[in-house]
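Asks: Have a look at this prediction, sequence included:
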Amino acid sequence: MQTVQAGTLESMDCLVTLTEAEKGRGVSVSMEGSSVTRFGDAILRATKETLRKMGARDVAASIQDNGASDLVLRARVEAAALRLKAGGAQ
């Protein structure tokens, strides 16, 4: 199974890790970081929406958030999804 990443652990950013999942598993999202308690629902929604728009179907996403804005989170998820589609090229 292939794993890709996008982003950093710097302040106001996030590290998105996507791993291919078995066919039929769907999208799962795990989250950790300073903003998850307060913004976890929004992070989950933005991640799933972006993956759906990118056509990702069977993927495990891990989000390590350090205060990233919605725009930054979506950009990191999109970049990781594109890398996954491209076969892991970074």
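Replies: Thanks, I have the structure now.
Asks: residues in contact with Gly7?
Replies: When contacts are counted by Cβ atoms under 8 Å, 6 or more residues apart in numbering, Gly7 is found next to Asp13, Cys14, Leu15, Val16, Ala68, Val72, Arg76, Ala79, Ala80. The way it works is simple: take the backbone N, C-alpha and C, and place the C-beta from them, glycine included.
Asks: Poorly predicted segments of this structure, please.
Replies: 88-90 (pLDDT under 70).
Asks: Quickly list what the closest residue to Arg52 other than its chain neighbours is bridged to.
Replies: Nearest non-adjacent residue to Arg52, counting by Cβ to Cβ, 6 or more residues apart in numbering: Val27, 7.7 Å away. Beta bridges link Val27 to Val59, judged by DSSP bridges.
Asks: what residues are up against Val27?
Replies: Lys48, Leu51, Arg52, Ala56, Arg57, Asp58, Val59, Ala60, Ala61.
Asks: where does it sit relative to Thr8, distance-wise?
Replies: 23 Å (Cβ to Cβ, to the nearest Å).
Asks: Quick one: the strands in this protein, in order.
Replies: Assignment of strands within the chain using DSSP state E yields the ranges 3-7, 14-20, 27-33, 59-65.
Asks: how far is the first one from where the chain is centred?
Replies: Averaged C-alpha coordinates place strand 3-7 at 8 Å from its chain's average position (Cα atoms, centre = their mean, to the nearest Å).
Asks: ok, that strand: who's next to it in the sheet?
Replies: Assessed with DSSP bridges, strand 3-7 is paired to strand 14-20 (antiparallel).
Asks: could you give the angle of the partner strand to strand 27-33?
Replies: Relative orientation of strand 14-20 versus strand 27-33 (axes from the mean of the first three to the mean of the last three Cα atoms, to 10 degrees): 150 degrees.
Asks: which outside residues touch strand 14-20?
Replies: Strand 14-20 is contacted by residues 1-9, 33, 47, 56, 58-66, 68, 72-73, 76-77, 79-81, 83-84 when judged by Cβ under 8 Å, 6+ apart.
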